[in-house]
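S.K.: From the sequence below, what's the structure:
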Amino acid sequence: MWSRKKSELLAKYKVEVEQLAPHTGTRSHYREIAGILQIMQRIKGGKEVVNSILADWRETYRRRPAMWDEFSKKKGRLITCFFVLVRILNEIQYH
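M.R.: Model (predicted):
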C-alpha cells in the first residue's frame with residue numbers, strides 16, 4: 001500500500017512541476033520547483049523521474065540561466081516546498 005502511495009505522490013509532484021515550469025518567474029519561483037524536485041528525488045524511484053524531467057527541460061528551458069542556477073543550489077529547498085507537500089498529500093488522501 002505504501003508503495004502505491006509513493007508512486008501516486010511522485011505522479012502528483014510531476015504534474016505540479018510540469019505545470020510550474022512553463023511559467024517564467026522570479027528566482028523564488030524557480031526555488032519552489034527545485035524544492036519539489038529535491039523532495040521527489042528522496043522518494044523511491046524519484047531520482048529516475050527527476051532525471052527524466054531535467055533531461056527534457058535541458059532543451060526546452062535552456063535559455064533560463066536563473067532556473068538552472070537555482071536547480072544547482074542545495075540549501076533551503078525543503079522549507080520552500082512544505083506547503084506544496086501538504087497540499088499534495090491532502091489531494092492523495094481525499095481521492
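S.K.: where in this structure is pLDDT low?
M.R.: Regions of the chain meeting the criterion pLDDT under 70 cover residues 1-3, 74-95.
S.K.: In terms of helices and strands, where is A55?
M.R.: helix 46-60 (DSSP states H and E).
S.K.: how about that helix: buried residues?
M.R.: Across helix 46-60, burial judged by 16 or more other C-beta atoms under 10 Å covers G46, V49, V50, I53, W57. C-beta coordinates here come from the backbone N, C-alpha and C atoms, glycine included.
S.K.: so what does it touch, helix or strand wise?
M.R.: Using 3 or more C-beta pairs under 8 Å, 6 or more residues apart in numbering; DSSP states H and E, the elements in contact with helix 46-60 are helix 2-20, helix 27-41.
S.K.: Determine which of those helices approaches E70 most closely.
M.R.: helix 27-41 (3.9 Å; C-beta to C-beta).
S.K.: Just want the angle from the closest one to helix 2-20.
M.R.: 160 degrees (axes from the mean of the first three to the mean of the last three C-alpha atoms, to 10 degrees).
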